[in-house]
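Student: Structure for the following, please:
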Amino acid sequence: MKDINFKPITLSDKKIFDDYFNKTNFNNAEKNFSNLFMWRNTYEYEYAIIKNCLCIKGKLRNSKKPFCHFPYGGCDIKDSLSLIKEIFKKEGNELIIKPLLPEMKKCLEKTLEDFILIEDRDSFDYIYNSNKLITLSGSKLRNKRRWVKKFRENYEYTYEEINRNNLIEAKEFTINIIKNSNNDLDEIIAMEEMFDNLFELGIKGCIIRVDGKIVGVSTGEELTKNTVIIHCERADARFEGIYNCINQEFCEKQWSDYKFINREEDLGIEGLRQAKLTYRPDLLLSKYIAKIGV
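Tutor: Okay, the predicted model is just below:
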């Protein structure tokens with residue numbers, strides 16, 4: 001087997017990734033250069049082009065076991081998977097493929113034998129019809145409308161897009177919210193990477209202020225031609241209804257031309273899961289982990 005050299009992800013690789021991602025219709029959150037770039041240090045992401053496919057290799061956050069994405073964008077999926085399996089085998093590792101969407105699962109079943117499939121519920125993406133998040137119509141979202149109304153009645157607020165003049169302020173607010181909640185160092189690093197490269201990554205963002213002070217920040221970008229991905233939504237929860245308001249405002253003012261909003265996974269965090277479920281997702285995008293023995 002010819003040596004295949006994986007290399008770390010850099011900002012200059014964005015076009016390569018986008019070109020391969022655009023060859024598929026998958027709308028999972030991991031199929032996004034910004035996410036990979038932001039979290040590249042935590043997951044030690046590397047990539048290689050194998051048999052005309054983009055192959056992404058990383059290490060699981062907790063165990064540091066190596067894993068790879070299902071190959072993107074090529075027509076030689078079977079050959080690239082076989083080579084990846086050989087690479088992992090040579091290194092003494094079982095091949096772990098994560099994430100595996102239902103469409104990818106079908107392809108894998110036709111390509112490889114003898115693998116274990118595990119449902120990865122904590123990584124399911126929450127995907128919503130954008131019009132629903134904008135209008136909040138229907139009895140099931142009545143409470144969301146009430147919270148938005150309450151925020152608007154209680155506070156004189158302003159909405160603004162993130163630009164080069166307010167970028168640092170938005171970054172500092174977001175980092176401080178994380179520090180005061182879970183103080184997750186990996187998440188802080190990822191958010192720093194995002195804000196420091198926001199415009200180069202093509203990410204758009206918004207700020208909500210009350211009395212001139214930032215109380216909420218959200219960022220997102222196009223994932224596919226009809227889907228947007230939300231990367232970050234952080235707010236000062238002391239302002240009742242702020243999360244409901246910034247969600248609705250950002251979708252309406254920035255993303256109304258897109259059909260779907262992908263608000264990513266819940267990571268198994270119970271409070272986050274319940275919050276995302278109360279918005280009644282139109283699709284819970286199933287994901288699996290495949291383990292293929294050495």
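Student: a strand runs through residue 16, doesn't it?
Tutor: No - counting by DSSP: H, G, I helix; E, B strand; the rest coil, residue 16 is not part of a strand but helix.
Student: wait, what's in contact with it?
Tutor: Residues in contact with residue 16 (Cβ atoms under 8 Å, 6 or more residues apart in numbering) are 49, 54. (Glycine included, C-beta is placed from N, CA and C.)
Student: rerun that using 10 Å as the cut-off
Tutor: 9, 33, 47, 49, 54 (Cβ atoms under 10 Å, 6 or more residues apart in numbering).
Student: Please report how far residue 25 lies from residue 129.
Tutor: Residue 25 is 17 Å from residue 129, where distance means Cβ to Cβ, to the nearest Å.
Student: Who has more neighbours out of the two?
Tutor: Counting neighbours by other Cβ atoms under 10 Å for residue 25 and for residue 129 shows that residue 129 has the greater number, 15 against 11.
Student: partner residues bridging the more buried one?
Tutor: In this entry, residue 129 is beta-bridged to residue 260, by DSSP bridges.
Student: Could you check the pLDDT of it?
Tutor: Note for residue 129: predicted pLDDT of 98.
Student: Test my guess that it contacts residue 256.
Tutor: No - counting by Cβ atoms under 10 Å, residue 129 does not reach residue 256; the two are 11.6 Å apart.
Student: what are the pairing partners of the helix or strand residue 229 falls within, and which direction each?
Tutor: In the assignment (DSSP states H and E), residue 229 maps to strand 227-235. Strand 227-235 has its sheet partners listed here by DSSP bridges as strand 213-224 (antiparallel), strand 260-262 (parallel).
Student: what separates the last one from the chain centre, distance-wise?
Tutor: Taking Cα atoms, centre = their mean, to the nearest Å, one finds strand 260-262 lying 11 Å from the centre of the chain it belongs to.
Student: can I get the CA coordinates of whichever helix or strand comes after that strand in CSV?
Tutor: Remark: after strand 260-262, the chain's next helix or strand is helix 270-277, criterion DSSP H and E. The C-alpha coordinates for helix 270-277 follow below in CSV (Å, rounded to 0.1, in the frame of the first residue of the first chain):
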residue,chain,number,x,y,z
GLU,A,270,-30.4,16.9,29.4
GLY,A,271,-31.3,20.6,29.7
LEU,A,272,-30.0,21.3,26.1
ARG,A,273,-31.9,18.3,24.8
GLN,A,274,-35.2,19.5,26.3
ALA,A,275,-34.7,23.0,25.1
LYS,A,276,-34.1,21.8,21.5
LEU,A,277,-37.1,19.4,21.7
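Student: Now helix 270-277: buried residues?
Tutor: Neighbour-count burial for helix 270-277 flags 273, 276 (criterion: 16 or more other Cβ atoms under 10 Å).
Student: ok so residue 97 is a strand residue?
Tutor: Yes - counting by three-state DSSP, residue 97 is located in a strand.
Student: and the closest residue to it other than its chain neighbours, how many residues sit next to it?
Tutor: Counting by Cβ to Cβ, 6 or more residues apart in numbering, residue 97 lies nearest to residue 290, which is 4.2 Å off, once chain neighbours are set aside. Other residues near residue 290 number 21, with proximity taken as other Cβ under 10 Å.
Student: pLDDT weak spots in this structure?
Tutor: In the predicted model of the chain, residues 1-2, 74-75, 294 satisfy pLDDT under 70.
Student: in it, which spans are strands?
Tutor: Ranges of strands in the chain, per DSSP state E, are 7-8, 46-50, 53-59, 66-68, 95-100, 115-119, 125-129, 157-161, 204-210, 213-224, 227-235, 260-262, 283-285, 288-292.
Student: Next, the buried residues of the second one.
Tutor: To tie it back to what came earlier, the one meant is strand 46-50. Those would be 46, 47, 48, 50, for strand 46-50 by 16+ other Cβ under 10 Å.
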